[in-house]
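>>> Sequence and predicted model, in that order:
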Amino acid sequence: MKVEALPVVQGDFNLSNYADVAKDFDWEQAWKSLSASETGRLNAAYETIDRHAESSNKNKVALFYKDANRKETYTFYDMKRMSNKAANVFQKHTSIEKGDRLFIFLPRSPELYFALLGALKMGAIVGPLFEAFMEGAVFDRLADSEAKVIVTTPELLERVPVDKLPHLETIVLIGEEIEEKDTIIDFKKEMKEASPYFELEWLEKEDGLILHYTSGSTGKPKGVLHVQQAIMQHYQTAKWVLDLKENDIYWCTADPGWVTGTSYGIFGPWLAGTSMVVLGGRFSPDTWYETIEEYGVTVWYSAPTAFRMLMGAGDGLLKKYDVSTLRHVLSVGEPLNPEVIKWGANVFRQRIHDTWWMTETGAQMICNFGCLPIKPGSMGKPIPGVKAAIVDDNGEELPAYQMGNLALEKGWPSMMHMIWNNPEKYDSYFLKDKWYVSGDSAYMDEDGFFWFQGRIDDVIMTSGERVGPFEVESKLLEHPAIVEAGVIGKPDPVRGEIIKAFVALREDVEPSDELIADIQQFVKKGLAAHAAPREIEFKDKLPKTRSGKIMRRVLKAWELNLPAGDLSTMED
Ligand code: WT7
């Protein structure tokens, strides 16, 4: 069956007319033109890949993949066939049906993209897991979502507590010499035998797409569900904000384990039919610059921590490489310091464009568009079709320059549709049934630019990764030497924030450097490397409320030598 392509809504404009477009843009209208297609149904994987494979883009490169051992290229046609094969493998060997959860726990590799797109073709909801997750983090996500299938490697499988996951039926392994059993499937072997043809599942726009787990200030990580219609916004922002054009070579440095790596490392660019670079392996300034030179990257989406690390690597290094192909550079995840913008303007001859959004928003919301003047330190303006405002705790809009809750009027296409298993949590995001409240504080200036001020809750952003203090504290408390733990984000010039833990030890335990290393290792093993505290300070006792809640704001005040504020709720 053929479905009409996603239309380019309101033409391929460059937003030099931002004000006009923002004024008139209407998602309903945009959807109407979409559902003018034969059936009104869609499948994100079809729109992302197959549509191009059936057009004059057929033999255009979709994926340039590279890591230390592999260098491969796949056209849209290749991607269509490989994802069809993956879908056939899942169909043959798993009980996955529309709406079931399939998790992908893989390092970046072409197989990750085949598997993810193949699962989407079956109508599965895909849960991507960052490869650095350890057993505790993997368990929480698979258990909460009741995942039926996980696609992983033999090495990473050691971190999947299979016996404790009654819903997990099938393990699809990508590796060498896999011994197949009823529940264990050899992906590579099955891919060779699978047919490249597949009748994909046509879905409604409210059917599930991706389930990303993210951290809040309390409780376990929460499963943020996005639905098929999110791709509308991925597509529009790929045009408006990433400014992707026919001949661009685009590189998004984020891993698909995080929302940036799916929304803008899969959907946005491929919906726009753009050739995309994926670099496997770990961050290194040399390979990063080399990648830009080697592929002639023109549009580059990365994060402040990465830019600061490149800055730290020195401009001498950069002189060894030709990065002159870059024409548009963007950033997301944490505040983009004016200093970094200045550096970018110097070394890349590019203004770095900040974009603000969250896992829950599913796509870019407040951005610096190519055509807008950049006010260094500001996140820019809302995309057309989105209304942002600063509201007080009752949901009343505040005037310019007043700091308050950064809020968005609900109803944009890529807005999360639920928090998995937790409707109360979902409802708690909204005020007056109108405003989605982000958890960030900000103000708006007289020109309608938004300025980020900080998180209102205690959520930590370290190297662009979102870490809930509660999760780290819970893990620390599992360590035999620890009786109390409080975790904060400590400002850091490179990483934005680092995780600092204050801990009280059991009476018979002496503080030592070995103990610090042991505790760090304990969190690394139990949660993830990026969640381990870089600093640990021992205290006899931690500040708590009378109800026993650790007062992180007092810890933060200690750390920063600031007044601790109202202590009326603190225990004696
Ligand atoms: C939190 C969301 C969306 C992809 C990455 C993060 C912070 C995000 C910016 C920015 C200042 C930013 C906010 C937000 N954040 N972009 N441009 N300037 N802060 O997604 O893990 O869901 O984290 O990241 O605090 O609430 P996430």
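Okay, I see it. Numbers count the residues shown, from 1 in each chain.
>>> burial measure for residue 149, as a count.
26 (other CB atoms under 10 Å). Glycine gets a C-beta too; all of them are placed from N, C-alpha and C.
>>> I figured it was touching residue 173, is that so?
No: applying CB atoms under 8 Å, one finds residue 149 not in contact with residue 173, separated by 11.5 Å.
>>> and residue 474, how many neighbours does it have?
Considering only other CB under 10 Å, residue 474 is surrounded by 17 other residues.
>>> so who does the closest residue to residue 52 other than its chain neighbours touch?
Nearest residue to residue 52, sequence neighbours excluded (CB to CB, 6 or more residues apart in numbering): residue 76, at 3.9 Å. Going by CB atoms under 8 Å, 6 or more residues apart in numbering, residue 76 touches 49, 52, 53, 57, 58, 59, 60, 62, 270, 273.
>>> near the ligand, which residues of the protein?
Residues of the chain that fall close to the ligand, judged by CB under 6 Å from any ligand atom: 214, 259-260, 332-335, 354-359, 379, 438-440, 452, 455, 461, 466.
>>> what ranges do the helices span in the stretch 351-500 of the chain?
Taking DSSP state H, counting those that start in this stretch as the test, the helices found in the stretch 351-500 of the chain are 423-427, 469-477.
>>> Output the contacting helices and strands for the longest one.
If I follow you right, that is helix 469-477. Helix 469-477 sits against strand 482-492, strand 496-505, helix 513-526, with contacts defined as 3 or more CB pairs under 8 Å, 6 or more residues apart in numbering; DSSP states H and E.
>>> Let's test this: mean pLDDT of the second one, rounded?
In other words, strand 496-505. Across strand 496-505, pLDDT averages out at 95.
>>> Residue 398: how many residues sit nearby?
Neighbour tally, residue 398, other CB under 10 Å: 16.
>>> That one touches residue 407, doesn't it?
No: the criterion here is CB under 8 Å, and residue 398 misses it with residue 407 at 9.9 Å.
>>> so what sits against both of the two?
Residues touching both residue 398 and residue 407 (CB under 8 Å, 6+ apart): 389, 390, 391.
>>> now the first one, nearest residue through space, not along the chain?
So that's residue 389. For residue 389, the closest residue by CB to CB, 6+ apart turns out to be residue 397, at 4.9 Å.
>>> Could you give the bridge partners of the one you found?
residue 391 (DSSP bridges).
>>> how many neighbours does it have?
13.
>>> Tell me who's in contact with it.
389, 390, 391.
>>> ok, now with 10 Å
389, 390, 391, 404, 407, 435, 444 (CB atoms under 10 Å, 6 or more residues apart in numbering).
>>> my guess is the last one meets residue 398, correct?
Yes: with contacts defined as CB atoms under 10 Å, residue 444 counts as touching residue 398 at a distance of 8.3 Å.
>>> Now for those two: what residues contact both?
Common neighbours of residue 444 and residue 398, using CB under 10 Å, 6+ apart, are 389, 390, 404.
>>> Columns distance to residue 240 on top of those residues, output as a markdown table?
Shown next, in a markdown table, are the shared contacts of residue 444 and residue 398 (distance: CB to CB, whole Å):
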| residue | distance to residue 240 |
| --- | --- |
| 389 | 20 |
| 390 | 23 |
| 404 | 27 |
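>>> if we can go back for a sec, so what's in contact with residue 149 and residue 173 at the same time?
What both residue 149 and residue 173 touch, as defined by CB under 10 Å, 6+ apart, is the set residue 185.
>>> Can you tell me the closest non-neighbouring residue to the closest residue to the ligand within the stretch 251-400 of the chain?
Nearest residue of the stretch 251-400 of the chain to the ligand: residue 359, at 3.3 Å (CB to the nearest ligand atom). Nearest in space to residue 359, with sequence neighbours left out and distances taken as CB to CB, 6+ apart, is residue 214 at 4.1 Å.
>>> So for that neighbour, what's the pLDDT?
Per-residue pLDDT puts residue 214 at 92.
>>> With residue 369 instead?
84.
>>> Could you double-check that it sits in contact with residue 351?
No: with contact defined as CB under 10 Å, residue 369 does not count as touching residue 351 (11.2 Å).
>>> Having no further points to raise, I will conclude here.
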